[in-house]
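J.: what follows is a predicted structure for the sequence shown.
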Amino acid sequence: MMLIASGVSMWKSLGQLIWVLILFVLVLLLTLLTTRFIAKYQRGQMQGSQNLRIIETMSVSANGYIQIIEAGDVYLVIAVSKDHIEKLAELSKDQLTLRAQPDAKPVADMGESFHDILDKVKKHLPKK
């Protein structure tokens, strides 16, 4: 009698575990779909503006950025932080180096390659 009760209890526990795993996967899928929906919505809101466009953004601290913004025919350099936005400068189109394709991803120029940096470090290490 005890064996039957423990067998039923084991199947009941296994069923509960499977049910919790199914619910967990459903919550993850709902989270993923919601995140994608919100991202598409915000992207659509950002692309709807014809007079304002962010040309370039550079991070200067954990929550501080410098941005170049095109507002009509004027280019503004602004500093953006958590609580404050300040105009730093106004630029003309001649002062900027604009990319030919606005959708192209920027290529990070690191200056030196990792191999060059590694060679410099090796020169400074004491030899055995």
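T.: Great, that's in hand. Numbering: from 1, shown residues only.
J.: helix, strand, or coil at A39?
T.: A39 falls in the helix class when you classify it by DSSP: H, G, I helix; E, B strand; the rest coil.
J.: can you get me a residue count around it?
T.: Residues within reach of A39, counting by other CB atoms under 10 Å, total 10. To be clear about C-beta, it is placed using only N, CA and C from the backbone, and glycine gets the same treatment.
J.: mind checking how far it is from V25?
T.: 21 Å (CB to CB, to the nearest Å).
J.: same check, this time on L98
T.: Per CB to CB, L98 is found 46 Å from V25.
J.: and the pLDDT at the residue minimising distance to the centre of the chain?
T.: For the chain, the residue sitting closest to the mean C-alpha position, by CA atoms, centre = their mean, is A39 at 11.5 Å. What the model reports for A39 is a pLDDT of 87.
J.: now swap in the one 10 residues further on and tell me
T.: Predicted confidence (pLDDT) at S49: the value is 65.
J.: do V74 as well
T.: pLDDT, V74: 89.
J.: any idea what it is bridged to?
T.: Beta-bridge pairing of V74 under DSSP bridges involves A71.
J.: test my guess that it contacts K87.
T.: No: using CB atoms under 8 Å, V74 is not in contact with K87; the gap is 10.8 Å.
J.: hang on, the earlier thing: how much space separates the residue nearest to the centre of the chain from S59?
T.: Shown here: A39 relative to S59, a distance of 20 Å by CB to CB.
J.: surely R43 forms part of a helix?
T.: Yes: with three-state DSSP as the criterion, R43 is located in a helix.
J.: tell me how many other residues surround it.
T.: Quick note: R43 (other CB under 10 Å) scores 10 neighbours.
J.: for S81, same thing?
T.: S81 is flanked by 13 other residues according to other CB under 10 Å.
J.: for the longest strand along the chain, what is the distance to the chain centroid?
T.: If you go by DSSP state E, the chain has its longest strand at strand 52-61. Centroid separation for strand 52-61 versus its chain: 13 Å, with CA atoms, centre = their mean, to the nearest Å.
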